[in-house]
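Chemist: Okay, sequence plus prediction incoming.
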Amino acid sequence: MDTMATERIRAELGSSDVVLYMKGTPVFPQCGFSAQAVQILNMLGVQFKSIDVLTDPSLRQGIKDFSNWPTIPQLYVKSEFVGGCDIMREMFQSGELQQMLQAKGVATAPASKLA
Amino acid sequence: MAMDVDEIERLIREALPDARIEIKDLRGDGDHYAAHIESAVFAGKTLVQQHQIVYAALQGRVGGVLHALALKTSAPSERRA
């Protein structure tokens, strides 16, 4: 495992409550799964930091090693790995994602604004 | 850079012999699949752990030769809507 990448990841996770590793950026996602992940966070009204793994091959591999998870996107809340796109969608639909964010003290949009 | 449904199902079945497995080829291109897998092995595990079990069964292919596998996992007694 690449220690430089690991150190960078730990620093990034520590710098923001909600961090999304994705392909591309929220405005220009480079993959449909990353686009869905951004859409879910936007629907929840959550402030998040996004990190584009396509800018750095060592990071793209490093984040997969870090979480033992083979795909991008990856969502972290308070430095803890939450899941990829499927888990985000499933948790969003069941309301668990909103509950978990609130339990961890992360601000979301009022429930009345959620479709 | 593709896998067929039978190969995916065979690898999952090897790791999870009791599993009920449904796989759909979403685009007919052998590269974008959705799988619903139900196994008693998933009972009491988090979604992250459940998906990691499936990824391990596929032995490094997910994210590599298999670009997209949308996963839905459940244990028989805790089937999700």
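Modeler: Nice, thanks for sending it over.

Chemist: From here on, just use CA atoms for contacts and neighbour counts.
Modeler: OK.

Chemist: what about chain A, any weak spots by pLDDT?
Modeler: For chain A, the stretches with pLDDT under 70 are A:1, A:110-115.

Chemist: what about the helices in it?
Modeler: With DSSP state H as the criterion, chain A has helices at A:3-15, A:32-44, A:57-67, A:85-94, A:96-103.

Chemist: same check, this time on chain B
Modeler: Using DSSP H, helices in chain B cover B:5-15, B:47-57.

Chemist: so what's whichever residue of chain B sits closest to chain A up against?
Modeler: Minimum separation of chain B from chain A (CA to the nearest CA) falls at B:Gly63, amounting to 5.3 Å. Neighbouring residues of B:Gly63 by CA atoms under 8 Å, 6 or more residues apart in numbering or on different chains: A:Pro70, A:Thr71.

Chemist: For B:Ala35, give me its contacts.
Modeler: B:Ile21, B:Glu22, B:Ile23, B:Lys24, B:Leu69, B:Ala70, B:Leu71, B:Lys72.

Chemist: okay if I get the residues you listed as a markdown table plus neighbour count and distance to B:Ala57?
Modeler: Output for these, formatted as a markdown table (neighbours: other CA atoms under 10 Å in any protein chain shown; distance: CA to CA, whole Å):
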| residue | neighbour count | distance to B:Ala57 |
| --- | --- | --- |
| B:Ile21 | 16 | 13 |
| B:Glu22 | 13 | 15 |
| B:Ile23 | 17 | 15 |
| B:Lys24 | 15 | 18 |
| B:Leu69 | 21 | 13 |
| B:Ala70 | 18 | 15 |
| B:Leu71 | 19 | 13 |
| B:Lys72 | 18 | 15 |
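
Chemist: which of these are close to chain A?
Modeler: The subset of the contacts of B:Ala35 within reach of chain A, by CA under 8 Å from any CA of the partner chain, is B:Ala70, B:Leu71, B:Lys72.

Chemist: Please flag which of those sit within strands.
Modeler: B:Ala70, B:Leu71, B:Lys72 (DSSP state E).

Chemist: wait, which of the residues you listed is closest to B:Arg10?
Modeler: B:Leu71 (16.1 Å; CA to CA).

Chemist: Correct me if wrong: that closest one contacts B:Glu38.
Modeler: No. Contact criterion CA atoms under 8 Å: B:Leu71 and B:Glu38 do not qualify, at 10.8 Å.
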